[in-house]
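Trainee: quick one, what's the 3D model for this:
(one chain, ligands or ions: 3)
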Amino acid sequence: MNPTESILLEKIAGAAKEAGKIMLEAEDIRHTIKAKSGHANFVTAFDERVQEYLFAELGAILPGAHFVGEEEGAEVFKEAYETGYTFCIDPIDGTSNFLTGYRPSVISIALFRDGDSYLSVVYEPYHRLLFTAAKGEGAYLNGSRLHSSKEPLSRSLVSFGTSPYDPELMEKSFELCKMILPRCIDLRRSGSAVWDICQVAMGVTGMFFECKLRLWDFAAAALIVEEAGGRITDLNGSKLSMRGPSSILCTGSGVSQEVEHL
Ligand code: IPD
Ligand code: CA
Ligand code: CA
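Mentor: Ligands and ions are numbered 1, 2, ... in the order given. Model (predicted):
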């Protein structure tokens, strides 16, 4: 990584850590809930506050950058984002965890350059876990290099997401669970897709899948897991478009040898 890139990554990480304080200091979270469209899709005042903070800080770091953020509404990558810098942010991934006190919840920031994944920062404030990646330069957790697991599926934990805001996908999600459970050690459901993908990057789990995620749910973590030697595609095994919602199949290097699609 050249010095300019590492300074940029450091500044973005600094903004994520500061934003993490908003989550750590949050009180009375349930009283700030607003419902969004879709089943059990909530936003709290803190999701909005973290996003506002990041838009302001990151906008000052890279003036002129575009923003795609969960609480901003735009779901797809617009043509204007194909040139220059674009941040894709999930201010709090794991909002239902955040408002109930279940863990984890994380801040997710992806930076695209001319439409391509460039830098990623994911921050879990409760244990001060900082995941970073730069295209072609590896992925790190608090400065230590990450490597996905070489274990086969039969010796791996598998996590999955339930696509909770798209109830029409419930049958399919649980059909996949029934198919995979007998082939792995066991299944896990964390409540944060960003965290789940980072767990594959860490080599803790061997695989993660979810029938539908939005761009901000996977943009940053996708680069992290790829830089850790894992693979991330849609459920059919096709390359991610990184331009809008998608199904997700993410595998460590071991499981990648045997599972190419679901
Ligand atoms: C959700 C979480 C969850 C996943 C959902 C996401 P949010 O994001 O990542 O694990 O199952 O599909 O939408 O709403 O907590 O930011
Ligand atoms: Ca999310
Ligand atoms: Ca969110």
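
Trainee: quick check, the helix or strand encompassing E18 touching ligand 1?
Mentor: Using DSSP states H and E, E18 sits within helix 3-24. No: under the criterion of Cβ under 6 Å from any ligand atom, ligand 1 is not reached by helix 3-24; the shortest gap measures 12.5 Å. For every residue, glycine as well, the C-beta is placed using N, CA and C.

Trainee: tell me the buried residues in that helix?
Mentor: 8-9, 11-13, 15-16, 19-20, 22-23 (16 or more other Cβ atoms under 10 Å).

Trainee: who in the stretch 101-250 of the chain is up against ligand 2?
Mentor: Neighbours of ligand 2 within the stretch 101-250 of the chain, by Cβ under 5 Å from the ion: D217.

Trainee: which single residue of the stretch 101-250 of the chain ends up nearest ligand 2?
Mentor: The nearest approach of the stretch 101-250 of the chain to ligand 2 comes at D217, 4.2 Å away (Cβ to the ion).

Trainee: surely that residue is in contact with D93?
Mentor: Yes: counting by Cβ atoms under 8 Å, a contact exists between D217 and D93, whose distance comes to 6.4 Å.

Trainee: widest-spaced pair of the buried residues of helix 3-24?
Mentor: L8 and M23 (23.3 Å; Cβ to Cβ).

Trainee: let me see the contact set for the residue of the stretch 151-262 of the chain found nearest ligand 3.
Mentor: With distances taken as Cβ to the ion, the stretch 151-262 of the chain approaches ligand 3 most closely at W216, which sits 7.0 Å away. Taking Cβ atoms under 8 Å, 6 or more residues apart in numbering, we find W216 in contact with 68-70, 88-90, 93, 108, 110.

Trainee: 10 Å instead?
Mentor: With contact taken as Cβ atoms under 10 Å, 6 or more residues apart in numbering, W216 is in contact with 68-72, 74-75, 87-91, 93, 108-110, 193-194.

Trainee: excluding its backbone neighbours, what's nearest it?
Mentor: With sequence-adjacent residues excluded and distances taken as Cβ to Cβ, 6 or more residues apart in numbering, W216 is closest to D90, at 3.9 Å.

Trainee: next SSE after the host helix or strand of that neighbour?
Mentor: In this assignment (DSSP H and E), D90 forms part of strand 85-93. Tracing the chain C-terminally past strand 85-93 and defining elements by DSSP H and E, one meets helix 95-100 next.

Trainee: can I get that next one in PDB? Just the C-alpha atoms.
Mentor: Listed in PDB are the C-alpha atoms of helix 95-100, where the atom choice follows Å, rounded to 0.1, in the frame of the first residue of the first chain:
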ATOM      1  CA  THR A  95     -29.800  -3.100  14.200                       C
ATOM      2  CA  SER A  96     -32.100  -5.700  15.800                       C
ATOM      3  CA  ASN A  97     -29.100  -6.800  17.800                       C
ATOM      4  CA  PHE A  98     -28.200  -3.200  18.700                       C
ATOM      5  CA  LEU A  99     -31.700  -2.400  20.000                       C
ATOM      6  CA  THR A 100     -32.100  -5.600  22.000                       C
END
